[in-house]
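1. Kindly return the folded structure for what I paste below:
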Amino acid sequence: MSNLEVQPDEVGCSGTASDGVEVVIPREVPLGGIRAMLVRRTLPTRDRSMVGAWCFADHYGPEPVSSSGGMRVLPHPHTGLQTVSWLFEGEIEHRDSAGVHAMVVPGELNLMSAGHGISHSEVSTTATDVLHGMQLWLALPDAVRDEPNGFQHFVPDAVPLTGVDGTEAGTARVFIGALGGSTSPVVTATPLLGAELVLTPGARVDLSVDPSFEHGAILDTGRLVVAGVEIGHASLCYVGPGSSTLTVENPTDAPARVILLGGEPFGEDLIMWWNFVGRDHDEIVAYREEWESAAERFGSVDGWGSDDRIPAPPLPNSRLKPRRRPGQS
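-> Residues are numbered from 1 along each chain as shown. Presented below is the predicted three-dimensional model:
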């Protein structure tokens, strides 16, 4: 997915972890156009830029395409990151400049690695009545961020979760990393976790997690308690590293769905601007110039004309620089 803000925030991301628990309230961002589909963004924000290598998180829907027009994101570029598409409802057609043509459907992971550079488009299909899902980005570490692009697809099984009382408490679909005895074969550049959890009404589970990871839980439904802190719809609960158990509780009388992200704190400073991840101002400027000049770095996407593309917004007047996390000097 493209960041279609006319004046995208300058976001510098730094890899120092924070202790404790934080709640990030989402901000609404329109995906362009008069009938724009609104997304709820929890990463990056001024208070929380990353969870492990997870550096971007948009939650959208359930949105009737009859009112929003659905998703029609023209070819746009990426560098230095991986995109992770995860749907709850609907269908999206993905095309990229590496020649990949794939459908994004509920319960199946599509991971695109931009590496040195890629461009792609995302369009909801005519079979879609409602769009509902998550778009996530992963920052690539310096050692591999300039490697060739790539694509991975995986269909995780739903595995049962056991509650603290010993009864069945719901299911987990682990699309990246490992949780609850389920392991994904998807290859990532840093140790990570990505899973969809569905908790039955009133369920409480103690998840065994990697204590070196920080975690972020993004709620798709109404209410959830994570590590003793209640969050609301589309909010993110951040839990710092240090514990081998993460407690998640559904206090409602309806099923609760949450996306659980995790990873080792990202040890590098980076800059995110528009659809680019780089390390300094000059890199971002160069990426923008190459996209605007239709340079070879980003290629072309089959099925679209040369004028079918999202132009890069203007750069800010000041130099881009990494933003420090809370507690950094």
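
2. Just want the most central residue of this protein.
-> Centroid check for the chain by C-alpha atoms, centre = their mean gives Leu136 as the closest residue, at 1.2 Å.

3. Name the nearest residue to that one, sequence neighbours excluded.
-> Val84 (4.1 Å; C-beta to C-beta, 6 or more residues apart in numbering). (Each C-beta comes from the backbone N, C-alpha and C, glycine too.)

4. Ok, Arg27 next?
-> Nearest one to Arg27, counting by C-beta to C-beta, 6+ apart, is Arg41 at 5.5 Å.

5. Could you double-check that that neighbour sits in contact with Ser49?
-> No. Using C-beta atoms under 8 Å, Arg41 makes no contact with Ser49, being 11.9 Å away.

6. quick revisit: need the three-state assignment for the residue nearest to Leu136.
-> Per DSSP: H, G, I helix; E, B strand; the rest coil, the local secondary structure of Val84 is strand.

7. partners of whichever strand or helix holds the residue nearest to Arg27, with directions?
-> Following DSSP states H and E, one finds Arg41 within strand 38-43. If you go by DSSP bridges, strand 38-43 pairs up with strand 27-30 (antiparallel), strand 54-64 (antiparallel).

8. Output the shortest one as CSV, nothing but the C-alphas.
-> Meaning strand 27-30. The C-alpha coordinates for strand 27-30 follow below in CSV (Å, rounded to 0.1, in the frame of the first residue of the first chain):
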residue,chain,number,x,y,z
ARG,A,27,-5.0,8.7,13.5
GLU,A,28,-7.2,8.6,10.5
VAL,A,29,-5.5,9.0,7.1
PRO,A,30,-7.5,9.2,3.8
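
9. And that strand, what's buried?
-> Val29 (16 or more other C-beta atoms under 10 Å).

10. Break this structure down into its structural domains.
-> Following automatic domain parsing, the chain resolves into domains at 11-16+26-155+275-298, 158-263.

11. mind checking which helix or strand of this structure has the lowest mean pLDDT?
-> strand 11-13 (a mean of 43; mean pLDDT, DSSP states H and E).

12. Provide the contact partners of the helix or strand following that one at residue level.
-> Downstream of strand 11-13, the first helix or strand assigned by DSSP H and E is strand 21-24. For strand 21-24, the external contacting residues (C-beta atoms under 8 Å, 6 or more residues apart in numbering) are 42-43, 45, 47-48, 226-229, 231, 235-240.

13. Just the buried subset of these, please.
-> Neighbour-count burial within the contacts of strand 21-24 applies to 42-43, 45, 48, 226-227, 231, 235-240; the criterion is 16+ other C-beta under 10 Å.

14. With secondary structure as added columns, please give those residues in TSV.
-> Converted to TSV, the buried ones among the contacts of strand 21-24 look like this (three-state DSSP):
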residue	secondary structure
Thr42	strand
Leu43	strand
Thr45	coil
Arg48	coil
Val226	strand
Ala227	coil
Ile231	strand
Ser235	coil
Leu236	strand
Cys237	strand
Tyr238	strand
Val239	strand
Gly240	coil
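
15. Would you convert those into TSV that also reports distance to Arg145 and pLDDT?
-> Shown next, in TSV, are the buried ones among the contacts of strand 21-24 (distance: C-beta to C-beta, whole Å; pLDDT from 0 to 100):
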residue	distance to Arg145	pLDDT
Thr42	23	97
Leu43	18	96
Thr45	23	88
Arg48	22	90
Val226	31	98
Ala227	32	97
Ile231	32	97
Ser235	30	97
Leu236	25	98
Cys237	29	98
Tyr238	24	97
Val239	27	97
Gly240	25	96
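
16. Could you list the low-pLDDT ranges of the stretch 51-200 of the chain?
-> Nowhere does the stretch 51-200 of the chain drop to pLDDT under 70.

17. Could you check how many residues crowd around His101?
-> Using other C-beta atoms under 10 Å, His101 is surrounded by 11 other residues.
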